[in-house]
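Participant: Here's a sequence, model it:
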Amino acid sequence: MILLDTHAWVWWVHDDEQLTANQLDAIQTNETDTIGVSAISCWEIAKLVERGRLELPVPLEKWFEQALSYPGIRILELTPEIAIESTRLPGEFHRDPADQIIVATARVHDCPLVTADERILDYPSVKTIG
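Facilitator: This next block holds a predicted model:
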């Protein structure tokens, strides 16, 4: 399984050129065919739309319906283990709670995180695909 950061999920759904060849290859050749998305990413997308920072081509409900129907997509719940891990990330990590939960999700599920976020790519305590 691989885990998509929120922006990587949006980019993948929209065939956005910001998704690197390496990231796209990781998604397409994922050995388990499971593409994880943290439940917090659904909240992040809804908040971005609410604040006008993200425009979707269809209403939010329709977008989620379509984006969650992609083959292999699996929403990874926010479990107590992930919540605790997000507060105990080793070393220095920035204070964005959504990023903390996404990184903790990747760590708990022991899977690489597809991201373009430099702060996450520079964090040595999570496997990333940038």
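Participant: Quick check: closest non-adjacent residue to T105.
Facilitator: Closest residue in space to T105, ignoring its immediate chain neighbours: S38 at 4.6 Å, by C-beta to C-beta, 6 or more residues apart in numbering. Backbone N, C-alpha and C define where each C-beta goes, glycine included.
Participant: mind checking which helix or strand of the chain has the lowest mean pLDDT?
Facilitator: helix 21-28 (a mean of 92; mean pLDDT, DSSP states H and E).
Participant: Report the buried residues of the one helix or strand I102 maps to.
Facilitator: Taking DSSP states H and E as the definition, I102 sits inside helix 97-109. Neighbour counts over helix 97-109 (16 or more other C-beta atoms under 10 Å) mark 98-109 as buried.
Participant: Closest to L19 out of these?
Facilitator: I102 (16.7 Å; C-beta to C-beta).
Participant: Dig out what the nearest residue to the closest one once chain neighbours are set aside forms beta bridges with.
Facilitator: Nearest non-adjacent residue to I102, counting by C-beta to C-beta, 6+ apart: S38, 4.9 Å away. For S38, the beta-bridge partners are L76 (DSSP bridges).
Participant: and the gap between S38 and V114?
Facilitator: S38 is 12 Å from V114, where distance means C-beta to C-beta, to the nearest Å.
Participant: between the two, what contacts are shared?
Facilitator: L3 (C-beta atoms under 8 Å, 6 or more residues apart in numbering).
Participant: Just want the phi and psi numbers for Q18.
Facilitator: phi -70, psi -20 (degrees, to the nearest 10).
Participant: That one: neighbour count?
Facilitator: 11 (other C-beta atoms under 10 Å).
Participant: Let me know whether it touches A116 as I believe.
Facilitator: Yes. Between Q18 and A116 there is a contact under C-beta atoms under 8 Å: 6.8 Å.
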